[in-house]
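Q: give the three-dimensional model of this entry:
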Amino acid sequence: MSELKVLIVGSGGREHALTWKISQSDKVSKIFVAPGNAGTAEIAENVQIEDNANLDLMRFAKDNDIDLTVVGPEVPLANGIVDLFLDNDLRIFGPKKSGAKIEASKKYSKDIMRKYDIPTATYRTFTEIEAAKEFVAQLEYPQVIKADGLAAGKGVLIVKSKEEALSAIDCIMKENIFGKAGAEIVIEEFLEGQEISLLAFADGNTIVPMTTSQDHKKVFDGEKGPNTGGMGAYSPANIMSDEELENAVETVLKRMLEAFKSEGIDYKGVLYAGLMLTEKGLRVLEFNCRFGDPETQVLLPRLDTDLIDIMNACIDGKLNDIEINWSNNHAVCVVLASDGYPGTYEKGFDITGINNCELVFHAGTKREGEKVISNGGRVLGVMAVKDTLEEAIKSVYKDVDKINYKGKYYRKDIARTN
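A: Now for the predicted structure:
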């Protein structure tokens, strides 16, 4: 039996879920989380290093004989943390900078999809404000305007008129509401249908899909309001047929891995395809280069295979050698947020009732003495894993009612797809 020391990079609900799952492996003796949250502190040792401080993370891994580093967020991946670790003979799970560009640049992602015939919405890209405004004046609405770079899941605006489009262009490119991420924009056709998250493990040559999940990205019930990082999720996503899943694996996941290989990119880690099931068929909304949040929270409780074995197989190019199994139960996660998120919100409030719940993943929390306090826009992910979806929904909302803090906000329709 190995006695592995693992470092997990990140501080959100995804990282708490990863810590929780990895702590169940009998191969692991010690877990560090940088910087972690109040939840990870209960099952691992938090390290006060920010998740985008790649050099400091590398030095910590070297100094502490870390056997495996697992990267949660996209920013360190986009900034080349995997390249840095590999250059220093350190094992790390995630794609190199060249692979992470699939998420770091929406223009690059759209261009590679067009080049390799991966189904997606029609689009144009712009770096000049006036050219973008001239283009939107000719369109029918609604349309979608996206910041090219990383914007924490919030850089997508759906516009319903020319006036809204012109305003959105000014907000992104002139007022810089997404910072440097908005220096270039993508304008694409609006797709209608059900959205599905399809994540997969990849080892450079082989790609293996995980079970399906559906994230609820809008802040208000009924999929209304601005986009967030995710207000809740459930798995499996019962709105996708076996035939549609098979089609997605062939035309999206496998085709994307072949595209990476053709471009000279050895893609290892997690590849996340955000899909839309439209009347005209499957379309890719986006690719991400890491585990989703909150999808991870509903996927990992259903994973029966040791996650450490899977990650090592991805790193070593041996994904074909292991069998990945999923349970038949249903998982639901309801995100408890701070009132005002994804805009301005207050934090620093005492949270009560967590210990009365079945399973809760911390996101924006920190510990002050004996207290757990709110410390972010998305605060907690309340979980239920049951034999049926209805049981899971009923159970999760019972636990949601047990938790209290000032400004608690959540959607009341998570996993209700009709």
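
Q: give me the low-pLDDT residue ranges for this protein?
A: 1-2, 153, 417-418 (pLDDT under 70).

Q: how about the helices in it?
A: Ranges of helices in the chain, per DSSP state H, are 13-22, 54-63, 74-78, 81-87, 97-104, 106-115, 129-136, 162-169, 242-248, 255-262, 295-299, 307-316, 389-400.

Q: which helices and strands does the last one pack with?
A: Yep, that's helix 389-400 we're talking about. strand 232-235, strand 330-338, strand 378-386 (3 or more C-beta pairs under 8 Å, 6 or more residues apart in numbering; DSSP states H and E). Yep, even glycine has a C-beta here, placed from its N, CA and C like the rest.

Q: one step back: in JSON lines: the helices of the chain, plus distance to residue 220.
A: JSON lines is the format used below for these (distance: least, C-beta to C-beta, whole Å):
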{"stretch": "helix 13-22", "distance to residue 220": "20"}
{"stretch": "helix 54-63", "distance to residue 220": "36"}
{"stretch": "helix 74-78", "distance to residue 220": "25"}
{"stretch": "helix 81-87", "distance to residue 220": "35"}
{"stretch": "helix 97-104", "distance to residue 220": "26"}
{"stretch": "helix 106-115", "distance to residue 220": "25"}
{"stretch": "helix 129-136", "distance to residue 220": "26"}
{"stretch": "helix 162-169", "distance to residue 220": "18"}
{"stretch": "helix 242-248", "distance to residue 220": "28"}
{"stretch": "helix 255-262", "distance to residue 220": "32"}
{"stretch": "helix 295-299", "distance to residue 220": "20"}
{"stretch": "helix 307-316", "distance to residue 220": "34"}
{"stretch": "helix 389-400", "distance to residue 220": "16"}
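
Q: please identify the deepest-packed of those helices.
A: Comparing the helices of the chain by mean neighbour count (mean count of other C-beta atoms under 10 Å), helix 295-299 ranks first with a mean of 30.

Q: TSV for the helices and strands packed on helix 389-400, including distance to residue 242?
A: Converted to TSV, these look like this (distance: least, C-beta to C-beta, whole Å):
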stretch	distance to residue 242
strand 232-235	16
strand 330-338	17
strand 378-386	23
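
Q: returning to that earlier point: nearest to residue 339, out of the helices of the chain?
A: Evaluated over those, closeness to residue 339 peaks at helix 389-400, with 14.9 Å, by C-beta to C-beta.

Q: ok, residues contacting that closest one?
A: Contact with helix 389-400 is made by 234, 238, 329-334, 336, 356-358, 360, 382-386, 410, 412, 414-416, as judged by C-beta atoms under 8 Å, 6 or more residues apart in numbering.

Q: just to revisit the earlier point, mind checking which of the helices of the chain is nearest residue 366?
A: Across those, closest to residue 366 is helix 13-22 (C-beta to C-beta), at 12.5 Å.

Q: dump the residue contacts of residue 94.
A: 70, 71, 77, 81, 82, 100, 268, 269, 270, 289, 290.

Q: recalculate using a threshold of 6 Å.
A: Shown in contact with residue 94 (C-beta atoms under 6 Å, 6 or more residues apart in numbering): 71, 77, 82, 269.

Q: how close does the last one get to residue 114?
A: Note on residue 269: its distance to residue 114, by C-beta to C-beta, to the nearest Å, is 24 Å.

Q: swap in the second one?
A: Summarising the geometry, the distance separating residue 77 from residue 114, computed by C-beta to C-beta, is 23 Å.
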